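Engineer: can't give you the sequence, but here's the structure:
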């Protein structure tokens, strides 16, 4: 699992990136199929599913935070050759996933009514939304396990296992949506029940598959259960990495909700602008998939190189990933630009919405170099455990640049959506500049875990 000196890093980057690209595409397909099937059942089902899906991130923040901490701790431990330490962090992360998944389930079920009121769910879709929310709450424990398990395998550079798990989830969810949601393949048409229970079943099977893979390679053993004395020493580093990562998710997602509110309250064409933004985000996802894959690859390799005591190589490999991303995704962006009109028209056939989507994409595709810089360097800093710096960059870019500028340009100067899209370009350039400056000038390697920092050499 360790990276050998002289190993071809470009080949290593590719071997780690392509499975994660396919994994991100599987994630994209799950959401796409759910929305597509729900729209063919009933518009109320589509609305209810959309509300709960967008709100689900609140329940998953802890899972993503634990995954970030586990990625840094496990990859650095393996890079240093500390297999027992890596095994114990694996056990600690899995125990945290089980505990928090059950806690959120226990808290969420009696608070369903309050959650629906906070989401301002319209009365005509409240019963459907209540049912969707209940099933999604049951999904939380296996979902927590799947998120953390995938991070564990990535930290170990076993990126094919999360890919296989997500392919399994995608197949089961898609076949279940079509079969039990719409009645295909001669199966009973259950409507919304078929869709949400297909999602539940697919997540459970994905988590079970990943757990079996941990059992098969010998990871699930008594040695992975850390003694309390070790937990007292090892847990602080996990928390040090996890809490900024979790808070960054809050900052990012609530920033997007605030941006939607600014667009929704524009003086003119607010509805068309919202629809155009939604359509533009779907097209933009084509570029985000490889960017996320490179983000994860940067996190893996930086963690391993820092664990091996090679900070200069950690810096070099992150910059190499950035240059590869700039070249590859830049080419994809140029190719996408040539078919932007027809592609946008397919997703948004309404002329006004299509015009808004094209306007959105024009400014946000200009921001792709800055977006790539932000995402890849954030992955590198996350692998080093320097998630506090990611929180700084994202927080400043979103709340001190994007949102104030969106209101000023969108409401006070332009009076239309163009001002909001310009603010997104400005905030992306700001975030990229902050993270690039931190990465090239600051001592972010100091956040990495040494053999002594958690009180054990094992």
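Structural biologist: Okay, I see it. Everything numeric in this text was worked out from a predicted model, so none of it was measured. Numbers count the residues shown, from 1 in each chain.

Engineer: Quick check: the gap between residue 389 and residue 445.
Structural biologist: 11 Å (C-beta to C-beta, to the nearest Å). (Each C-beta comes from the backbone N, C-alpha and C, glycine too.)

Engineer: what does residue 416 give?
Structural biologist: Taken as C-beta to C-beta, the span from residue 416 to residue 445 is 45 Å.

Engineer: returning to that earlier point: name the residue in residue 389 and residue 445 with the higher neighbour count.
Structural biologist: Neighbours were counted for residue 389 and for residue 445 using other C-beta atoms under 10 Å; residue 389 has more, 21 against 17.

Engineer: Would you confirm that that one contacts residue 435?
Structural biologist: Yes. Using C-beta atoms under 8 Å, residue 389 is in contact with residue 435, at 7.2 Å.

Engineer: quick one: pLDDT of the residue nearest to residue 21 when sequence neighbours are not counted?
Structural biologist: Spatially, and ignoring its direct neighbours in sequence, residue 21 is nearest to residue 293 (4.0 Å; C-beta to C-beta, 6 or more residues apart in numbering). Note for residue 293: predicted pLDDT of 91.

Engineer: cool, the one 4 residues further on as well?
Structural biologist: Turning to residue 297, the model gives it a pLDDT of 95.

Engineer: Pull out the buried residues from the helix or strand hosting it.
Structural biologist: For residue 297, the element it lies in under DSSP states H and E is helix 270-307. Under the neighbour-count criterion of 16 or more other C-beta atoms under 10 Å, helix 270-307 has 270, 272-285, 287-307 buried.

Engineer: Could you double-check that residue 422 sits in contact with residue 363?
Structural biologist: Yes. Using C-beta under 8 Å, residue 422 makes contact with residue 363 at a distance of 6.0 Å.

Engineer: all helices for the stretch 51-200 of the chain, in order.
Structural biologist: 57-79, 83-108, 112-118, 126-155, 160-176, 182, 192-216 (DSSP state H, counting those that start in this stretch).

Engineer: So which elements touch the longest one?
Structural biologist: If I follow you right, that is helix 126-155. Judged by 3 or more C-beta pairs under 8 Å, 6 or more residues apart in numbering; DSSP states H and E, helix 126-155 is in contact with helix 43-55, helix 57-79, helix 83-108, helix 112-118, helix 160-176, helix 192-216, helix 270-307.

Engineer: hang on, the earlier thing: my guess is the residue nearest to residue 21 contacts residue 13. True?
Structural biologist: No. Counting by C-beta under 8 Å, residue 293 stays clear of residue 13, with 10.2 Å between them.

Engineer: who's sitting farthest from the centroid in this protein?
Structural biologist: residue 186 (35.4 Å; C-alpha atoms, centre = their mean).

Engineer: Spit out the contact partners of that residue.
Structural biologist: Applying C-beta atoms under 8 Å, 6 or more residues apart in numbering to residue 186 gives no contacts.

Engineer: distance of it from residue 61?
Structural biologist: 41 Å.

Engineer: Equivalent analysis for residue 32, please.
Structural biologist: Distance of residue 32 to residue 61, given as C-beta to C-beta: 24 Å.

Engineer: what does residue 132 give?
Structural biologist: 20 Å.

Engineer: Quick check: end-to-end length of stretch 401-411?
Structural biologist: 15 Å (C-alpha to C-alpha, to the nearest Å).

Engineer: For it, buried residues please.
Structural biologist: 401, 402, 403, 405, 406, 407, 409, 410, 411.

Engineer: same deal with stretch 249-264?
Structural biologist: 249, 251, 252, 253, 255, 258, 259, 262, 263.

Engineer: same check, this time on stretch 418-437
Structural biologist: 418-432, 434-436.

Engineer: which ones among those are found in helices?
Structural biologist: 418-432, 434-436 (DSSP state H).

Engineer: which parts of stretch 147-156 are buried?
Structural biologist: In stretch 147-156, counting by 16+ other C-beta under 10 Å, buried: 147, 148, 149, 150, 151, 152, 153, 154, 155, 156.

Engineer: sorry, back to before: any idea how far the helix holding residue 297 is from the middle of the chain?
Structural biologist: Taking C-alpha atoms, centre = their mean, to the nearest Å, one finds helix 270-307 lying 8 Å from the centre of the chain it belongs to.

Engineer: Tell me the gap between the lowest-mean-pLDDT helix or strand in the chain and the middle of its chain.
Structural biologist: Lowest by mean pLDDT, DSSP states H and E among the helices and strands of the chain is helix 43-55, with a mean of 73. On the basis of C-alpha atoms, centre = their mean, helix 43-55 sits 19 Å off its chain's mean C-alpha point.

Engineer: That helix to helix 270-307, inter-axis angle?
Structural biologist: 40 degrees (axes from the mean of the first three to the mean of the last three C-alpha atoms, to 10 degrees).

Engineer: name the helices or strands packed onto helix 43-55?
Structural biologist: helix 9-41, helix 126-155, helix 192-216.

Engineer: how is the protein carved up into domains?
Structural biologist: 1-226, 242-453 (automatic domain parsing).

Engineer: can you tell which of those domains is closest to residue 235?
Structural biologist: Nearest to residue 235, of all those, is domain 1-226, at 7.0 Å by C-beta to C-beta.

Engineer: contacting residues for residue 413?
Structural biologist: Contacts of residue 413 by C-beta under 8 Å, 6+ apart are residue 419.

Engineer: List the contacts of residue 205.
Structural biologist: Counted by C-beta under 8 Å, 6+ apart, residue 205 has contacts 168, 169, 172.
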